[in-house]
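Peer 1: curious how this folds, go ahead:
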Amino acid sequence: MRRISHWIDGKPWSGDTDRHGDVFDPATGQVAAHVDFAGPTEIEAAVNAARAASVGWRDASLAARTSVLFGFRELLNARKRELVDLVTAEHGKVTDDAAGEVQRAMEAVEFACGVPSLLKGGYSENVSTKVDVYSLRQPLGVVGVISPFNFPAMVPLWFVPNALACGNTVVLKPSEKDPSAANLIAELFAEAGLPDGALNVLHGDKVAVDGLLEHPDVRAISFVGSTPIARYVYETGTRHGKRVQALGGAKNHMVVLPDSDLDLAADAAVSAGFGSAGERCMAVSVVVAVDPIGDELVSRIRDRMAVLKVGAGTRPGNEMGPLVTRAHRDKVASYLDSGEASLVVDGRGHEIDGDADGFWLGPSLFDHVESGMSVYSDEIFGPVLSVVRVSSYEEAVALVNANRYGNGTAIFTNDGGAARRFQHEVEIGMVGVNVPIPVPVGYYSFGGWKDSLFGDTHAYGPDGIHFFTRTKVVTSRWLDPSHGGVNLGFPRNV
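Peer 2: I've put the predicted structure just below:
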């Protein structure tokens with residue numbers, strides 16, 4: 001059985017382990033590998049390695065850091081198919097979807113490559129007689145990143161490049177369900193010239209998470225996962241004096257106005273609802289149909305669902321893969337027996353192109369859903385789409401704003417005034433106008449409101465630079481000028 005172990009101090013961990021977890025191939029239901037689970041020894045080794053590397057990496061010039069990041073970017077681009085295959089093998093998403101994940105991850109890497117301009121401070125000359133004041137950004141030290149199973153490549157690369165670019169060292173704890181992508185990322189950084197210990201990968205369960213949350217040498221935590229765990233991470237981390245950004249769950253609504261292009265809206269609902277088997281925090285899980293278009297919209301969605309190709313991610317033509325584990329598949333399927341609303345499409349009867357033992361569930365559709373139902377209130381995190389019918393734009397906005405989650409939303413309309421009003425009135429962190437999954441590009445920042453975010457800083461982009469640095473303000477007075485020697489050579493960055 002293949003063993004997946006930690007990456008500590010620039011190399012694979014070779015020590016013994018008392019505990020491990022099973023890594024499945026979701027398309028076959030078979031155990032494909034064992035992953036080591038960290039205990040106190042491994043946690044301490046990873047943090048110590050990061051702390052030891054911190055001084056040298058913090059003092060590395062911006063030119064040196066940028067060189068490593070550019071090198072990593074080139075290696076990632078050259079070996080992206082290898083990363084795509086790991087995501088498909090352990091998560092289950094189809095190859096095209098995994099390739100899209102890696103491409104979006106590349107955006108975050110490319111943003112971090114511009115760190116010299118991102119770390120510029122401010123300068124005010126002669127604020128008092130011969131007194132100047134300037135601000136600068138400095139790294140925090142050792143930081144922890146805890147990433148989820150649904151984006152094993154993209155989410156680590158939301159955080160790790162920015163953290164490293166700012167001069168921090170990192171301990172990454174990926175999901176134990178699909179851990180191999182994190183190890184490949186660490187290997188590529190090492191090949192790009194990142195010093196040993198600057199990036200460590202620690203595999204495991206709650207023991208590893210709590211080890212990072214409680215360790216006095218870990219200064220900050222970045223987390224993505226469900227809302228209950230995000231709240232726990234935020235409360236535990238801040239109680240131990242850490243800076244924390246904890247991104248939680250979602251129940252994303254797509255509002256469809258009567259004037260919209262219904263074919264476009266139906267395409268978007270199916271694409272955003274069932275891509276990656278619905279295992280996305282930005283998936284559309286609720287379609288809000290503003291009367292009188294409900295019947296027609298549901299009909300068009302149902303027609304598109306019927307021809308979706310569900311099967312093994314490695315087989316050409318398949319559009320949706322399995323769910324990540326058998327337990328998760330069974331939990332999602334249990335909602336189909338709720339009887340709370342009209343089950344228009346039962347995904348358990350969908351034709352599957354794959355091994356019968358895989359963790360399959362086809363796309364499912366509920367109609368006439370109401371806000372008090374569990375299929376509406378719960379983050380199901382699977383291929384289940386609910387349709388809520390409302391009578392007006394105002395009722396649609398009130399429904400979205402009343403939900404406890406505030407991650408993403410979208411409106412489909414051909415009315416520019418309605419779209420502008422919606423983006424102003426809706427209480428959600430990320431808004432799409434005729435765009436069903438409004439994940440910002442790498443040079444903006446990602447994050448929701450309400451119970452979708454704990455902490456006040458969003459992920460990647462400018463907020464990422466802010467999170468991984470702290471500001472220092474210097475007030476200086478120099479009474480005498482200093483002189484250097486003559487050097488006619490062209491100045492060099494080293």
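Peer 1: please make it C-alpha for all contacts and neighbour counts, starting now.
Peer 2: Noted.
Peer 1: okay, and the beta partners of residue 352?
Peer 2: Under the criterion DSSP bridges, residue 352 forms beta bridges with residue 310.
Peer 1: wait, doesn't it sit right on residue 307?
Peer 2: No. In this structure, residue 352 is not within contact of residue 307 by Cα atoms under 8 Å, at 11.5 Å.
Peer 1: neighbour count: the two, which is higher?
Peer 2: Ranked by neighbour count (other Cα atoms under 10 Å), residue 352 and residue 307 place residue 352 first, with 21 against 10.
Peer 1: what residues are up against the more buried one?
Peer 2: Counting by Cα atoms under 8 Å, 6 or more residues apart in numbering, residue 352 makes contact with 309-311, 360, 362.
Peer 1: at 10 Å what do you get?
Peer 2: 308-312, 318, 320-322, 358, 360-362 (Cα atoms under 10 Å, 6 or more residues apart in numbering).
Peer 1: just residue 39 next, same as before
Peer 2: Neighbour list for residue 39: 17-19, 202-205, 207-208, 211 [criterion: Cα under 10 Å, 6+ apart].
Peer 1: now, those that are in helices?
Peer 2: Counting by DSSP state H, the part of the contacts of residue 39 found in helices is 207-208, 211.
Peer 1: please pick the buried ones from those residues.
Peer 2: 208, 211 (16 or more other Cα atoms under 10 Å).
Peer 1: in the protein, where is pLDDT below threshold?
Peer 2: 481-484, 493-494 (pLDDT under 70).
Peer 1: please name the residues that touch the residue nearest in space to the middle of it.
Peer 2: In the chain, the C-alpha nearest the mean C-alpha coordinate belongs to residue 155, at 3.6 Å (Cα atoms, centre = their mean). Residue 155 is in contact with 101-102, 104-105, 108, 145-149, 174, 223-224, 459-460, counting by Cα under 10 Å, 6+ apart.
Peer 1: quick one, strands of the stretch 1-150 of the chain?
Peer 2: Assigned by DSSP state E, counting those that start in this stretch, the stretch 1-150 of the chain shows strands spanning 2-4, 7-8, 11-12, 20-25, 30-36, 123-128, 131-139, 142-146.
Peer 1: circling back: quick check: next helix or strand after the helix or strand hosting the residue nearest to the centre of the chain?
Peer 2: Mapping residue 155 onto the secondary structure by DSSP states H and E places it in helix 154-165. Following helix 154-165 in sequence order, the next helix or strand is strand 169-173 (DSSP H and E).
Peer 1: helices or strands next to that following strand in the packing?
Peer 2: strand 7-8, helix 40-59, strand 142-146, helix 154-165, helix 180-191, strand 199-201, helix 206-214, strand 218-224 (3 or more Cα pairs under 10 Å, 6 or more residues apart in numbering; DSSP states H and E).
Peer 1: name the element the nearest residue to residue 369 once chain neighbours are set aside belongs to?
Peer 2: Excluding the flanking residues, the one nearest residue 369 by Cα to Cα, 6 or more residues apart in numbering is residue 388, at 5.0 Å. Per DSSP H and E: residue 388 is located in strand 384-390.
Peer 1: the helix or strand following that strand to strand 384-390, inter-axis angle?
Peer 2: Sequence-wise, the next helix or strand downstream of strand 384-390 (DSSP H and E) is helix 393-402. When axes from the mean of the first three to the mean of the last three Cα atoms, to 10 degrees is applied, the directions of helix 393-402 and strand 384-390 differ by 130 degrees.
Peer 1: so what secondary structure elements neighbour helix 393-402?
Peer 2: Going by 3+ Cα pairs under 10 Å, 6+ apart, helix 393-402 lies up against strand 252-256, strand 284-290, strand 384-390, helix 416-425.
Peer 1: how about the next helix or strand after the shortest one: buried residues?
Peer 2: Remark: after strand 252-256, the chain's next helix or strand is helix 262-274, criterion DSSP H and E. The neighbour-count check on helix 262-274 (16+ other Cα under 10 Å) flags 262, 265-274 as buried.
Peer 1: centre of the chain to helix 262-274, how far?
Peer 2: Remark: helix 262-274 is offset 22 Å from the chain centroid, using Cα atoms, centre = their mean, to the nearest Å.
Peer 1: output that helix as PDB, nothing but the C-alphas.
Peer 2: Taking C-alpha atoms only, helix 262-274 is exported to PDB below (Å, rounded to 0.1, in the frame of the first residue of the first chain):
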ATOM      1  CA  LEU A 262     -34.000  31.400 -19.500                       C
ATOM      2  CA  ASP A 263     -31.700  29.300 -21.500                       C
ATOM      3  CA  LEU A 264     -28.700  31.100 -20.200                       C
ATOM      4  CA  ALA A 265     -30.000  30.900 -16.600                       C
ATOM      5  CA  ALA A 266     -30.800  27.200 -16.900                       C
ATOM      6  CA  ASP A 267     -27.300  26.500 -18.300                       C
ATOM      7  CA  ALA A 268     -25.800  28.500 -15.400                       C
ATOM      8  CA  ALA A 269     -27.800  26.800 -12.700                       C
ATOM      9  CA  VAL A 270     -26.800  23.300 -13.900                       C
ATOM     10  CA  SER A 271     -23.200  24.200 -14.400                       C
ATOM     11  CA  ALA A 272     -22.800  26.000 -11.100                       C
ATOM     12  CA  GLY A 273     -25.000  23.600  -9.200                       C
ATOM     13  CA  PHE A 274     -23.400  20.300 -10.300                       C
END
